[in-house]
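*Asks:* the sequence isn't on hand, but the structure is:
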């Protein structure tokens, strides 16, 4: 990646990704712009997944859904091509990871449906802007993520447990963190829990199921947010014949400014 | 219908409907409770329809969506059975109305997906409570409805024009009507237009495509709301092999109070 890319427009960065000039993770790219989680499924699974997102809006905040076979975004970015515009993809067959390509043009089919979901990069940015600690960024790690014992609201073939991300902070900062992230329903919104990890069935904060452990300083408490790994975990459990996602940290960069995300989306409260 | 039914709980009224004791339209039943439009489709069409609703939230406010094959409601009513609990249904095959049964148990299949959408009965009630005129109720008619030249946001195989309902009133009442109905996103929300019908491509207010004409008094202007006939019109145009809806005016009565509807639902703004 060139340092130039850091300040380029999302469209220019996506074009560089499509040309193979940017291949790494996207966390430092286009600061202030919303990044999105990606899920692509055959149409036979698309209804189940859309219903799952609507019934579980905190882990699965929908940003855009494309028509079957349509690889071009309309609302979160102008005409981005999802076959090329993400730096690295993951290809799952029957729930098993089989490939991590940089392009999925050769896998594209007329029955594939693309979903974009909000990502916590957005509120990490907002938390930092508000002067709140974001430990995994301070430590240059991936955010720690944990399976909980809290079940998702099932939708047809999709269920599984809620997965959460964790950011430690002093208890007196929790209300402010909730306020800042709560303005952003398009990126998981306010925390779902803070304090005792055992309430969520998490046995050991030092051993996250996904991502990296982070330091919890004396007097700090863990604060938990619904996490975009939740739908991936549900899909791995349900084992559709084909699923394509972004590789961890290698997100789709939208044209939306972070401050547009609050009002962009809210999903049916079915639970 | 017995006069008793007017004051019974929604659950008791649905049970009487299921027993065949109430067969007429539901407009006067369970005042203050939300009534819902019904659409049932084979799963092959369910993704298209769900996406259509999300992209066109004003005409298609989603209240609940059931799993494929599941006939029982979970959130808008406690365990209502959609095979029996509506007084009259319409059965469409390839876009053609073929039957109007009082029960659909014999048509039920494991791949049928049930959608409940908000209905303007809800805000008619709110408008009246606010002292605003609701002419079709004053005249004991069905609300007049018109196809417009405004296209819906297409979703896969579903498109078609926006259909609107119309309530005439004095211009100085429009702001209050918008405020009252705007609190109710689950039932089409605020008006989409008022004043000149030609702006919507409506040639003659005296000749609605659906429902009945109503009197427009001197000095009154027509006020237009997005209408729940919109998705039915889209389906008639797209011609799925099977669709089941409520018969006009014969709605599903929910357990939700009208005042719960405002915050119940809002759908992704994709347009």
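*Replies:* Good, I have the coordinates. Keep in mind it's a predicted model, so treat the numbers as computed, not measured. Residues are numbered from 1 along each chain as shown, chains lettered A, B, ... in the order given.
*Asks:* all contacts plus neighbour counts: C-alpha atoms, from now on.
*Replies:* OK.
*Asks:* how about the residues of the stretch 1-150 of chain A by chain B?
*Replies:* Residues of the stretch 1-150 of chain A found near chain B (Cα under 8 Å from any Cα of the partner chain) are A:43-44, A:46-47, A:50-51, A:62-65, A:67-68, A:75.
*Asks:* narrow those to just the buried residues.
*Replies:* Buried members of the residues of the stretch 1-150 of chain A next to chain B, counted by 16 or more other Cα atoms under 10 Å in any protein chain shown: A:43, A:46-47, A:50-51, A:62-65, A:67-68, A:75.
*Asks:* show me those that map onto strands.
*Replies:* Cross-referencing these against strands under DSSP state E gives A:62-65.
*Asks:* could you dump the residues you listed into a markdown table with pLDDT added?
*Replies:* A markdown table is the format used below for those (pLDDT from 0 to 100):
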| residue | pLDDT |
| --- | --- |
| A:62 | 94 |
| A:63 | 94 |
| A:64 | 96 |
| A:65 | 97 |
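*Asks:* make JSON lines out of the residues you listed and add distance to residue B:245.
*Replies:* Output for those, formatted as JSON lines (distance: Cα to Cα, whole Å):
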{"residue": "A:62", "distance to residue B:245": "28"}
{"residue": "A:63", "distance to residue B:245": "30"}
{"residue": "A:64", "distance to residue B:245": "28"}
{"residue": "A:65", "distance to residue B:245": "26"}
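*Asks:* just these now: which is nearest residue B:238?
*Replies:* Nearest to residue B:238 among these: residue A:65, at 20.4 Å, using Cα to Cα.
*Asks:* got a list of what the spatially closest residue to that closest one that is not a sequence neighbour touches?
*Replies:* Counting by Cα to Cα, 6 or more residues apart in numbering or on different chains, residue A:65 lies nearest to residue A:115, which is 4.6 Å off, once chain neighbours are set aside. Contacts for residue A:115 (Cα atoms under 8 Å, 6 or more residues apart in numbering or on different chains) come out as A:38-40, A:62-66.
*Asks:* run the last query once more with 7 Å
*Replies:* Applying Cα atoms under 7 Å, 6 or more residues apart in numbering or on different chains, we find residue A:115 in contact with A:38-40, A:64-66.
*Asks:* that one should be in a strand, yeah?
*Replies:* Yes - under DSSP: H, G, I helix; E, B strand; the rest coil, residue A:115 sits within a strand.
*Asks:* distance of it from chain B?
*Replies:* 11 Å (Cα to the nearest Cα, to the nearest Å).
*Asks:* distance of that residue from residue B:197?
*Replies:* 38 Å (Cα to Cα, to the nearest Å).
*Asks:* now do residue A:18
*Replies:* Residue A:18 is 48 Å from residue B:197, by Cα to Cα.
*Asks:* what's the answer for residue A:114, then?
*Replies:* In terms of Cα to Cα, residue A:114 sits 38 Å off from residue B:197.
*Asks:* look at those two and report which has more neighbours.
*Replies:* residue A:114 (25 against 19; other Cα atoms under 10 Å in any protein chain shown).
*Asks:* now do the closest residue to chain B within the stretch 101-250 of chain A against residue B:198, distance only.
*Replies:* Closest contact between the stretch 101-250 of chain A and chain B, by Cα to the nearest Cα, is at residue A:156 (5.4 Å). Distance, residue A:156 to residue B:198, by Cα to Cα: 45 Å.
*Asks:* can you check residue A:90 too?
*Replies:* For residue A:90 relative to residue B:198 (Cα to Cα), the value is 52 Å.
*Asks:* what pLDDT is listed against residue A:6?
*Replies:* We have a pLDDT of 57 for residue A:6.
*Asks:* equivalent analysis for residue A:128, please.
*Replies:* 89.
*Asks:* surely it is in a helix?
*Replies:* Yes - per three-state DSSP, residue A:128 lies within a helix segment.
*Asks:* nearest residue to it in space, please, no chain neighbours.
*Replies:* residue A:134 (6.6 Å).
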